[in-house]
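>>> curious how this folds, go ahead:
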Amino acid sequence: MAAEPMSGKLTAEVELHGPPAKFYNVFRKTAHHIPTHTPSHIQAVQVHDGDWESHGCIKFWIYTCEGKIEVFKEKVEFDDAKKTVKLNGLEGDVMKIYKVYNPIFEFVAEAGAGGKQGVAKLAIEYEKLDPSFPPPTKYMDFMIGLTKEVDAGIVKAALD
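Purely as a prediction, here's the structure:
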């Protein structure tokens, strides 16, 4: 049996019913509202260095993954043209398992049927600290759930 690779990239797509540009702006400009949209996933987020909107700012997240409270400190990169947010892991629970842990959210507009306005392309770039550690599939599941809840919050806010 072949050993799992030490590094890789997981990907997934989530259909968006709210406008992808609005979704990007939540991450880009109002990340402090994310716990309101998804309290089951994100309990708090704070700016550690910089401000909410600055490229390269450092944020500290408190979240729940598979019923366990964890923390994550990241340095954020924004690409306004591609509507992409990349979180570069610095410290926290995931960094006990991964040398590199970079979640990426890309929000793409698409004309679709059934209220679909676009898609969130999700990815996690990772490198494990030890070959026995699993790939970050539970964190991809977390990203999918978070994306769906924030999308529902955006749609609900538009209806209110």
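
>>> distance between the one helix or strand in the chain whose mean pLDDT sits lowest and the chain's centre?
Ranking every helix and strand in the chain by mean pLDDT, DSSP states H and E puts helix 34-37 at the bottom, with a mean of 87. Here the centre of mass of C-alpha atoms in helix 34-37, compared against the chain's by CA atoms, centre = their mean, to the nearest Å, lies 13 Å away.

>>> same deal with stretch 70-89?
Averaging C-alpha coordinates over stretch 70-89 and over its chain gives two centres that are 8 Å apart (CA atoms, centre = their mean).

>>> go on, stretch 142-153?
Per CA atoms, centre = their mean, the displacement of stretch 142-153 from the mean C-alpha position of its chain is 9 Å.

>>> kindly report the same for stretch 136-152.
Mean-position distance between stretch 136-152 and its chain equals 7 Å (CA atoms, centre = their mean).

>>> before we move on, what about stretch 152-160?
Using CA atoms, centre = their mean, we find the averaged C-alpha position of stretch 152-160 to lie 20 Å away from the chain's own average C-alpha position.

>>> which residues are contacting that stretch?
In this structure, residues lying in contact with stretch 152-160 by CB atoms under 8 Å, 6 or more residues apart in numbering are His17, Gly18, Pro19, Lys22, Phe23, Val26, Thr36, His37, Thr38. C-betas here are computed from N, CA, C, even on glycine.

>>> quick check on the nearest residue to Lys73 once chain neighbours are set aside: phi, psi?
Nearest-residue entry for Lys73: Glu91, 4.1 Å, with adjacent residues in sequence omitted and distances by CB to CB, 6 or more residues apart in numbering. When read as degrees, to the nearest 10, the backbone of Glu91 gives phi -150, psi 170.
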